[in-house]
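Peer 1: pasting the sequence and the predicted coordinates here, then a few questions.
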Amino acid sequence: MTLSGKQITTWSRRGDAIHAWYSYQMVRDTLAGARLDGLSYGIYPQGSYANKTNIVADSDVDLVIALRSSFYPNKEKLSPAEIEEYARHYEESDITWHRFREAVVRVLRKNYWVHEHSKCVRVSSNLVRLPADVLIALDYRYYTSFPSFIGQEFTGGVQFYTSAGTEIINYPKRHIRSCAEKNCRTGGRYRRVVRVAKNARNSLATEDESPVKAGTVPSYFLESLLWNVPNGCYEGNLEKSYRQAVGWLHENPGKLEGMKFPNKIGKLFGDAADAVWDKDSAQAFIRALYLQLNS
């Protein structure tokens, strides 16, 4: 199908924000009100809902519940003296991610239908329209300096494990903040272009012999791909911005190698444990978007 300006405008619309908010609040309130073995934890939204790039066809809700009673420190950048200073203030905890996860799942099972997935726990209820994916994690700190307790510097993220035992480290708050800044710098067009591209992806996945298959272009990677497009490509009206963004990606395949995640930690096409998208798949997707626009 060839895209018209009208179709692009339709595809740029956000998904059900009201029901998404209600679903998030309901699950959040359930977890916030639980004792969870007396552990300290934080709850916040992530994913397309938090990033305001959710579309009508994919409007489930994602949230993180992260253990704060203990955290995982990455001290590889610290000097021996800094590691010694760190040890003066912190000691190893016997609270594990597995124990925390079990406590969270117990609470969720008392209140919702629960389906455990590789990375998250999906909960649903007959009281809300939209399901919620709950990511159960540890707080993670990537230390860059520890001259003293007051002067410590680190990048905060989360750490969790897949059902296969693979360790995943991510930075959801940095991702959301960086994408929000991109949206401001592009006059509000970045998020709208992302939503158009998500709908275009879903449309391509329904076509016979399309190189784009369902589930092969995760939203997180698509948001990251378009975050790397220069701000100048987002000038003009929505249709022009979308065409310029897709055109830039199509004309600059060599730029993929150096692209970073919006959290600015790690390469988009690097060797991360959850890097399910590679450059060949991305290039096939970009070609499909370009042909969709120009056939």
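Peer 2: Happy to help now that I have it. Numbers count the residues shown, from 1 in each chain.

Peer 1: ok, and the closest non-adjacent residue to the most centrally placed residue in the chain?
Peer 2: Note on the chain: the residue nearest the mean C-alpha position is residue 47, at 4.2 Å, using CA atoms, centre = their mean. Take residue 47 and drop its neighbours on the chain: the residue closest to it by CB to CB, 6 or more residues apart in numbering is residue 62, 3.1 Å away. Every residue, glycine included, has its C-beta placed from N, CA and C.

Peer 1: residue contacts, residue 89?
Peer 2: If you count contacts by CB atoms under 8 Å, 6 or more residues apart in numbering, residue 89 has them with residue 149.

Peer 1: on the pLDDT front, check it for me.
Peer 2: Note on residue 89: pLDDT of 95.

Peer 1: okay, the residue nearest to residue 47: pLDDT?
Peer 2: For residue 62, the predicted pLDDT is 91.

Peer 1: any idea which helix or strand comes after the helix or strand in which it is found?
Peer 2: Assessed by DSSP states H and E, residue 62 sits inside strand 61-74. Downstream of strand 61-74, the first helix or strand assigned by DSSP H and E is helix 80-89.

Peer 1: so how far is that next one from its chain's centroid?
Peer 2: How far helix 80-89 lies from its chain's middle: 33 Å, per CA atoms, centre = their mean, to the nearest Å.

Peer 1: quick check: angle from that helix to strand 61-74?
Peer 2: For helix 80-89 against strand 61-74, the angle by axes from the mean of the first three to the mean of the last three CA atoms, to 10 degrees is 110 degrees.

Peer 1: in helix 80-89, what counts as buried?
Peer 2: 82, 85-86 (16 or more other CB atoms under 10 Å).

Peer 1: next, give phi and psi for the residue nearest to the centre of the chain.
Peer 2: Main-chain dihedrals, residue 47, degrees, to the nearest 10: phi 70, psi -160.

Peer 1: right, and it touches residue 58 too?
Peer 2: No - using CB atoms under 8 Å, residue 47 makes no contact with residue 58, being 9.9 Å away.

Peer 1: between the two, which contacts overlap?
Peer 2: residue 219.

Peer 1: check which residues of the strand holding residue 62 are buried.
Peer 2: 61-67, 70-74.

Peer 1: hmm, residue 70 and residue 41 touching each other?
Peer 2: No - with contact defined as CB under 8 Å, residue 41 does not reach residue 70; the gap is 10.5 Å.

Peer 1: overlap in contacts of those two?
Peer 2: With CB under 8 Å, 6+ apart, residue 41 and residue 70 have no common neighbours.

Peer 1: could you find the closest non-adjacent residue to residue 133?
Peer 2: residue 120 (4.4 Å).

Peer 1: need phi/psi at that neighbour.
Peer 2: Dihedral angles (degrees, to the nearest 10) for residue 120: phi -140, psi 180.

Peer 1: list the buried residues in the one helix or strand residue 108 maps to.
Peer 2: Assigned by DSSP H and E, residue 108 belongs to helix 97-111. Neighbour-count burial for helix 97-111 flags 97, 100-101, 103-105, 107-108 (criterion: 16+ other CB under 10 Å).

Peer 1: just the pLDDT for residue 18.
Peer 2: For residue 18, the predicted pLDDT is 82.

Peer 1: for stretch 89-106, how far is the first residue from the last?
Peer 2: 33 Å (CA to CA, to the nearest Å).

Peer 1: which other residues reach whichever strand or helix holds residue 7?
Peer 2: Counting by DSSP H and E, the element that carries residue 7 is helix 5-11. For helix 5-11, the external contacting residues (CB under 8 Å, 6+ apart) are 55, 195-196, 198-200, 238-239, 242.

Peer 1: confirm residue 256 sits in a strand?
Peer 2: No - Residue 256 is assigned helix when assessed by DSSP: H, G, I helix; E, B strand; the rest coil, not a strand.

Peer 1: count the residues that sit near it.
Peer 2: 19 (other CB atoms under 10 Å).

Peer 1: can you tell me the closest non-neighbouring residue to it?
Peer 2: Leaving out its chain neighbours, residue 256 is closest to residue 279 (CB to CB, 6+ apart), at 5.1 Å.

Peer 1: need the contact list for the one you found.
Peer 2: 256-257, 269.

Peer 1: okay if I get those residues as JSON lines plus distance to residue 216 and pLDDT?
Peer 2: Below are the contacts of residue 279 laid out as JSON lines (distance: CB to CB, whole Å; pLDDT from 0 to 100):
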{"residue": "256", "distance to residue 216": "16", "pLDDT": "92"}
{"residue": "257", "distance to residue 216": "20", "pLDDT": "89"}
{"residue": "269", "distance to residue 216": "15", "pLDDT": "86"}
